[in-house]
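[1] Take this sequence and fold it.
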Amino acid sequence: MKKVSAFALTLVLALTPVQALAFSNFNWNDFNPNNFNLDNFYNFNTTEPSANPSADPSVVPSSSSSYEKRVAELVNVERQKNGLSALSFNTKISDVARLKSKDMADNNYFAHQSPTYGMAGDMLLKYGVTYSAWGENIASGQDTPEEVVSQWMGSPSHRANILSPEFIYIGVGYWTDASGKTFWTQMFTGDDK
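    Below you'll find the model as predicted:
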């Protein structure tokens, strides 16, 4: 019975097409060992970007561009509902986010650590975006901006990035692979250094 249950659970999880992950850089100044929550602590080893991009992420199909801007609009609605100022849409950050979505599609992975570029912070710096703080939300399988933002808002870690008062800028990258699978990336940054 346990084997059948384990197999059924594995099958259900494997067939679930929607995924999402969130990451935000950790601020050691805010660390309090008396109030430590492992769920909010991330310790990823970052690597330097290892390759130059082979595609121009600024060449965007019009549907991608409108989807990206719509995600930013929906994020700002959520921020305003929570008494936060709107994020400024940044096309340079969107170019990097789109390249991340394309990289996930092209290299068949779904993770914050890119085998090509490292972490989002590495990618942003490589393409000339400086920041005091950064965060990233990724998702795959959602068909519309409304669906992806709704799912991100339903996840505590994604919601934390969307509603972080540290962030000032947002970039959104949307990509669809040859089979029609969608990849979404949100990158957030604080003030320029």
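
[2] Please enumerate the strands of the protein.
    All strands of the chain, identified by DSSP state E, fall at 19-24, 88-89, 134-140, 169-176, 182-189.

[3] Output the third one as CSV - backbone C-alpha positions only.
    Output for strand 134-140, consisting of C-alpha atoms alone and laid out as CSV, is shown next (Å, rounded to 0.1, in the frame of the first residue of the first chain):
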residue,chain,number,x,y,z
TRP,A,134,17.8,42.1,-5.4
GLY,A,135,15.1,39.5,-5.5
GLU,A,136,13.8,37.0,-8.0
ASN,A,137,10.6,35.1,-8.5
ILE,A,138,10.3,32.4,-11.2
ALA,A,139,7.4,30.4,-12.4
SER,A,140,6.6,28.0,-15.2
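
[4] hmm, back to that, wait, which of the strands of the chain is closest to Glu73?
    Put simply, out of the strands of the chain the one that sits nearest Glu73 is strand 88-89, at 8.5 Å, with distance taken as CB to CB. (Glycine included, C-beta is placed from N, CA and C.)

[5] Buried residues in stretch 77-95, which are they?
    Of the residues in stretch 77-95, those with enough neighbours to count as buried (16 or more other CB atoms under 10 Å) are 78-79, 87, 89-90, 93-95.

[6] about what we covered before: which of the strands of the chain has the lowest average pLDDT?
    Of all the strands of the chain, the minimum mean pLDDT falls on strand 19-24 (a mean of 52).

[7] show me what contacts the nearest residue to Lys69 once chain neighbours are set aside?
    Of all residues beyond its chain neighbours, the one nearest Lys69 is Phe89 (6.6 Å), with distances taken as CB to CB, 6 or more residues apart in numbering. Contacts for Phe89 (CB atoms under 8 Å, 6 or more residues apart in numbering) come out as 69, 72, 169-172.
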